[in-house]
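Chemist: give me a model of this one.
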Amino acid sequence: MRAVHRDAALAGVDLFSQSPLAGGLRGLIRTVQESDDRLLSAAARACTKGNGALSILFLQRAPEDPEIPRTLMADVMWHQWVRVGGFAPVLGIGGEAAIALNVVQYLTIPGWAADLERYQQLMDALAGPALQRARRRPVEPPTSDVCGG
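Modeler: Okay, here's the model as predicted:
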């Protein structure tokens, strides 16, 4: 990551200026606050779906098929997630932070949403039956009130 940023800087390109973080926390918050509700919902849904698909590919499929990470990493969308966004979406708190940043990228970077849709199709094709089964599986309602009310 450092080498990529160093090489870009030597070439006169500031990768950070392309990042939604370039406007700082206020810029991120302003972007979300000023977004249309439908667009914000679509962004959150698409980025959550992408995060889930990427997690399935790396945790379930990549160990048996090492070509999957190579294919994903060769795509421009991987570079937008990792190099400009600063990290790859993963499970847990890091994944939640990635989704939040990806939502801002979806809302602010021209073409990012279309690239994510195309990348999602690639991930779906690479995931094959495992992802299709997970999507068909019904979501079970909680057995207890988690809020205690």
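
Chemist: switch to C-alpha atoms for all contacts and neighbour counts from now on
Modeler: Noted.

Chemist: number of residues surrounding Ser17?
Modeler: By other CA atoms under 10 Å, the residues close to Ser17 number 11.

Chemist: roughly how far apart are it and Ala9?
Modeler: Ser17 sits 11 Å away from Ala9, going by CA to CA, to the nearest Å.

Chemist: and if you look at Gly23?
Modeler: 19 Å.

Chemist: got the buried residues for the strand or helix carrying Cys47?
Modeler: If you go by DSSP states H and E, Cys47 is part of helix 37-56. Going by neighbour count (16 or more other CA atoms under 10 Å), the buried part of helix 37-56 is 40, 42-44, 46-48, 50-56.

Chemist: next, Pro63: phi, psi?
Modeler: Main-chain torsions, Pro63, degrees, to the nearest 10: phi -60, psi -30.

Chemist: what's the neighbour count on it?
Modeler: Pro63 sits with 12 neighbouring residues when counted by other CA under 10 Å.

Chemist: where does it land on pLDDT?
Modeler: Pro63 carries a pLDDT value of 91.

Chemist: for it, give its distance to Ala97.
Modeler: 25 Å.

Chemist: I'd say Leu15 and Ala8 touch.
Modeler: Yes: Leu15 lies in contact with Ala8 (CA atoms under 8 Å); the separation is 7.0 Å.

Chemist: which one's more surrounded, these two?
Modeler: Taking other CA under 10 Å, Leu15 and Ala8 do not tie; Leu15 has more neighbours (17 against 13).

Chemist: need the helices for this protein, in chain order.
Modeler: 2-10, 24-33, 37-56, 67-73, 76-79, 93-108, 112-127, 129-136 (DSSP state H).

Chemist: go through those helices and pick out the most buried.
Modeler: helix 93-108 (a mean of 20; mean count of other CA atoms under 10 Å).
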